[in-house]
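In: Give me the fold of what follows.
(one chain, ligands or ions: 1)
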Amino acid sequence: MNNIEYNKKKEYYHSVAEQTLDRLKLDHKCKQENLFSSINYSLLAKGKRIRPIILLASCEMAGGEIQDAENFAAGLEMIHNSSLIHDDLPAMDDDDLRRGNPTNHIVYGEATAILAGDVLLVRPFEVMADAVNSKGQLDAMKYIAKCAGAEGMMGGQEIDLKCEGIVADEETIVILNKLKTGALFKAAVVAGVMIAGAEKEKISAAEEYGDLLGLAFQLVDDLLDNDPDANTGKTKGSDLEKQKSTYLSVYGEAKCRELIDMCTSKAKDALSIFGEDSEFLCMLVEELATRVS
Ligand code: GRG
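Out: Numbering: from 1, shown residues only. Okay, here's the model as predicted:
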């Protein structure tokens, strides 16, 4: 697959994600329209949509049909958006800029932002349940729930909050990032292959790729948070200001870059069981390693 074919494919997955989010959005006239508006303010803002892109690509890589994965891809993006809204709240990271826009609670107030985040956590299970037609899809829904919950992203956030203002050790930093950021990436790849009905070895390969991609993604994120030229759409240097231990503070820039290369190469190896069908996800992990936003 050359770069033009890769970009075309990525644009296709991106448009499927956007169309599905649009199809599933809540925007009818009712008394709680303000809540719908708050939800759509965050959900329909320009995100990179990496998690749904990965889920759709992973389903195709394992021989599945895109239509069977659409609601799961959109559901996962909703959960991601729920976590961003809650993460930005004063009780958590207290940020006022997200995707280049004022954060949800700045525009709609804290109480409505909490509700918008709550809806974006339950609505996914409604839209995924609507689409369940196979054991693989049911397994995917359960896997996504586990990765989002206390043993996944939310558990990682709890560790992160406890680490504010202290110098965390390397083991803690690795676990917190594996859960907080890595779990939803792993959910994306694994749910995709489950929906396709893949066997155990392929699910294990997807888990390995997801863990490595998540690690590489967070390493890059920590570098970008500290790079004045990077376009992150967030307030720069907030980790430093909140005295958070990050990969950058623990390893330094040179080792972070070394680890990004190593994770990228191992992630590609992990997908060898899928042969040529893994080309898109191999190119994606490479692109994410060199991203600037
Ligand atoms: C209520 C679901 C829920 C969660 C509560 C707040 C929280 C627990 C977890 C926070 C998890 C979090 C914000 C992790 C950071 C993950 C991360 C690297 C986000 C940035 O992802 P991108 O770059 O963002 O894909 P875009 O804007 O492109 O979607």
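
In: Now K9: closest residue in space that isn't a chain neighbour?
Out: F280 (5.5 Å; CB to CB, 6 or more residues apart in numbering). Bear in mind the C-beta positions are built from the backbone N, C-alpha and C, glycine included.

In: E5 - how many residues pack around it?
Out: If you count neighbours by other CB atoms under 10 Å, E5 ends up with 12.

In: Please confirm that it is located within a strand.
Out: No - in this structure, E5 is helix, not part of a strand, as judged by DSSP: H, G, I helix; E, B strand; the rest coil.

In: Helix or strand with the lowest mean pLDDT in this protein?
Out: For the chain, scoring each helix and strand by mean pLDDT, DSSP states H and E identifies helix 238-241 as the least confident one, at a mean of 73.

In: what sits against the residue of the stretch 151-293 of the chain found nearest the ligand?
Out: When CB to the nearest ligand atom is the measure, the stretch 151-293 of the chain has its nearest residue to the ligand at Q157, with 3.6 Å between them. Counting by CB atoms under 8 Å, 6 or more residues apart in numbering, Q157 makes contact with S83, D87, M92, K180.

In: still on that earlier bit, distance of the residue nearest to K9 from E287?
Out: Counting by CB to CB, to the nearest Å, the gap from F280 to E287 is 10 Å.

In: And these two? Which one has more around it.
Out: Set side by side, F280 and E287 show more neighbours around F280, with 21 against 14, by other CB under 10 Å.

In: which two in the contacts of Q157 are spaced the farthest apart?
Out: Across the contacts of Q157, the longest distance by CB to CB is 11.5 Å; it joins M92 and K180.

In: Next, the contact list for the residue lying closest to M283 once chain neighbours are set aside, please.
Out: Distances taken as CB to CB, 6+ apart put Y6 closest to M283, at 4.8 Å, once the chain neighbours are dropped. Taking CB under 8 Å, 6+ apart as the contact definition, Y6 lies against E279, F280, M283, E287.

In: Helices along the stretch 151-293 of the chain, start to end?
Out: Across the stretch 151-293 of the chain, reading from the start of the chain, the helices by DSSP state H, counting those that start in this stretch fall at 153-163, 170-177, 183-195, 200-225, 238-241, 247-251, 253-270, 279-289.
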